[in-house]
Each structure stands twice: as C-alpha cells, then as structure tokens.
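>>> sequence first, then the predicted structure:
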Amino acid sequence: MRLEGKVAIVTGGGTGLGRGIALRFAAEGARVAIGEVQPEAGDRTCQEISAQGGEAVSIPTDVTVADQVLNLVETCAAKFGRIDVLVNNAGVTAVHHPQLFAQCLELDLESWRRVIDINLTSLFICSQAVARYMVQRGIEGRIINIASTASFGADLGGANYVAAKHGVMGLTRSMAVELGVHKIIVNAIAPGMTATEGALPIFSEERRRTGIEKSVPLRRPGKPEEVASAAVFLASDECTYVNGSAIVVDGGFLAYERWWY
C-alpha cells in the first residue's frame, strides 16, 4: 500500500502499459482517474479496479485538446479531492497505427505532426495543467512521463516517433528543473519491448528467436507489471531525490552492443 491516500491520473489507462500502471496503482492504495480517448477501454479498467476493491473513474479525454485535459483535471479533483500523481502514458505507436510511420524520406507532414502532438505535445498540455493545480495548492506531487528506448537511440522508420520520444526526455528534464522549487518531482520511464495485449501479435516465435533473443540479454520481452513497478516507486514517498531522470526498463537492450549489428 505504498500509494495509500494518493490520487493519480493515468492517461491512456484503458489499455497496454497505462492499464497495467492503473491496476498496480490501485492495488497499492491509490485512487485512480483514467484519461482515455477510448471510453469503453477506460471503463473496463475501472471495472477491473472496482472488482479488486479499488476506486477509479474513467474520464473521456483527448490529451491533445487542452479543454478536455482541463476537464480531466477538474473532474478528478472534484471526484477525489486532490491530485498527487500524473502519469503521462497516452501515446501512439507503429503497432497500432502503422500508417503514421515511415522513414524520413517518405514521411508526410501530417503524420509527423500527428505523432508529435500525441506523443510529446500532449505531455506538455497535461503536465502544465496538473502542475498548475499542484502549485496552487502546495501539493508536493509527482509527474511521470512514459518515454522509450527510442528516447536514446533510433531505428529505421518512425522519425516522428523517435523525435517525440527524445523530446519527452528533454521535457522531463526541463520540468524537473523548473518545478523543483515547488517540490514537484518529475521523472520518466523508458520501456523497451513490452508484451502488452495489443502488441502480442508482433511477439511471434520467429520474432522472439531472431529479434528479442538476439537483442535483449534477458531473452524475452518485458511485462506491463514490470513497467508498473518502476512507476510505483517514482510515485511513492520512497522517491524523494530522484528527479529529472529516467528508469530504463528494457531487459538490458540499450546496454547490449550486439543489438547494433
């Protein structure tokens, strides 16, 4: 119960990593508000939390629209009385929206802007709204941004995704510097290949043998609950002097020279 008494907003908490984080936060005692562009998915996660004895609310939210984000913040505060933690998890990947990704010579401007808006600009919109709420009330809160191993390197295709995830790290550091005076701690989590329910089709036996087993020292993809464990630490009172940093949860992928060859 490391998050008992805390209130957390998790964007994109209806599926994938966001769902895993929301469920774990609730299990640790937090009350959770899920900002979700897919209301049905958000409702399902809330039902799972309720079935486990937790408390959650799903609030339909497009995180790229400032008015909807403000409604998310105001509704959460009205429902639970405060906001202690924001997890900026909502994002778009090539697994679910391959049409938005291409190598830079073929990438169209509309796709570039769409991925940057969802994966980077939305973090600014949400963080600014929540940080203003915290500062006005003297809350020593936590902001956790979901980055990626793509925040530290690149691959063929998806220049917009790589640029956005590099930007997430820059924004994390900038907010940590500026919000530190208000005792608001800002960090990031950089997951590697993670077997969420939506990504399971790409983790075929052949993909494991030829890709993951050759590039990840632990020889397997990560699990959502392993990313959630890092989020619990960053949201908890145990995290008091880690600020402007990233916890990399990738099974050793970035540390392994062989993956470059």
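Sure thing, it's come through. Numbering: from 1, shown residues only.

>>> quick check: phi and psi at E36.
phi -140, psi 130 (degrees, to the nearest 10).

>>> what's the helix or strand for the closest residue to it other than its chain neighbours?
Spatial nearest neighbour of E36, excluding adjacent residues (C-beta to C-beta, 6 or more residues apart in numbering): G42 at 3.3 Å. Just so you know, the C-beta spots here come from the backbone N, C-alpha and C atoms, and that holds for glycine as well. Taking DSSP states H and E as the criterion, the element that holds G42 is helix 39-51.

>>> which neighbouring elements make contact with that helix?
Using 3 or more C-beta pairs under 8 Å, 6 or more residues apart in numbering; DSSP states H and E, the elements in contact with helix 39-51 are helix 16-27, strand 31-36, strand 56-60.

>>> format those as a markdown table; extra columns: mean pLDDT.
Below are those laid out as a markdown table (pLDDT from 0 to 100):
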| stretch | mean pLDDT |
| --- | --- |
| helix 16-27 | 97 |
| strand 31-36 | 98 |
| strand 56-60 | 98 |
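
>>> which stretch among those comes nearest A176?
helix 16-27 (19.8 Å; C-beta to C-beta).

>>> what's in contact with the closest one?
Residues from elsewhere that reach helix 16-27 (C-beta atoms under 8 Å, 6 or more residues apart in numbering): 3, 8, 10-13, 32, 34, 36, 41, 45, 48-49, 52, 54-56, 85, 87, 89-90, 146, 191, 194, 196-199, 223-225, 227-229, 231-232, 235.

>>> which of these count as buried?
3, 8, 10-13, 32, 34, 36, 41, 45, 49, 54-56, 85, 87, 89-90, 146, 191, 194, 196, 199, 224, 227-229, 231-232, 235 (16 or more other C-beta atoms under 10 Å).

>>> from those, which ones fall inside strands?
A8, V10, T11, V32, I34, E36, A56, V85, V87, I146, P191 (DSSP state E).

>>> among those residues, which pair sits farthest apart?
Maximum pairwise distance in these, criterion C-beta to C-beta, is 22.3 Å, between A56 and P191.

>>> just the strands in the stretch 101-250 of the chain please.
Assigned strands in the stretch 101-250 of the chain, in chain order: 142-146, 185-191, 246-249 (criterion: DSSP state E, counting those that start in this stretch).

>>> same list, those strands, but as TSV with mean pLDDT and distance to S174 please.
Shown next, in TSV, are the strands of the stretch 101-250 of the chain (pLDDT from 0 to 100; distance: least, C-beta to C-beta, whole Å):
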stretch	mean pLDDT	distance to S174
strand 142-146	98	11
strand 185-191	98	9
strand 246-249	98	14
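
>>> let's have the ones you listed in a markdown table, adding distance to E106.
What follows is the strands of the stretch 101-250 of the chain, written out as a markdown table (distance: least, C-beta to C-beta, whole Å):
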| stretch | distance to E106 |
| --- | --- |
| strand 142-146 | 27 |
| strand 185-191 | 27 |
| strand 246-249 | 30 |
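
>>> quick one: which of those strands is nearest P217?
Among these, strand 246-249 sits nearest to P217 (C-beta to C-beta), with 12.7 Å.

>>> so what does the closest one touch, helix or strand wise?
Using 3+ C-beta pairs under 8 Å, 6+ apart: strand 246-249 touches strand 185-191, helix 224-235.

>>> tabulate the ones you listed (JSON lines), appending distance to G244.
JSON lines is the format used below for the helices and strands packed on strand 246-249 (distance: least, C-beta to C-beta, whole Å):
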{"stretch": "strand 185-191", "distance to G244": "6"}
{"stretch": "helix 224-235", "distance to G244": "12"}
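
>>> pretty sure L70 is in contact with A129, am I right?
Yes: using C-beta atoms under 8 Å, L70 is in contact with A129, at 5.7 Å.

>>> now for the residue most central in space within the chain: which residues touch it?
Nearest residue to the geometric centre of the chain (C-alpha atoms, centre = their mean): N89, 2.4 Å. By C-beta under 8 Å, 6+ apart, N89 lies in contact with V10, T11, G12, G13, L17, G18, I21, I146.
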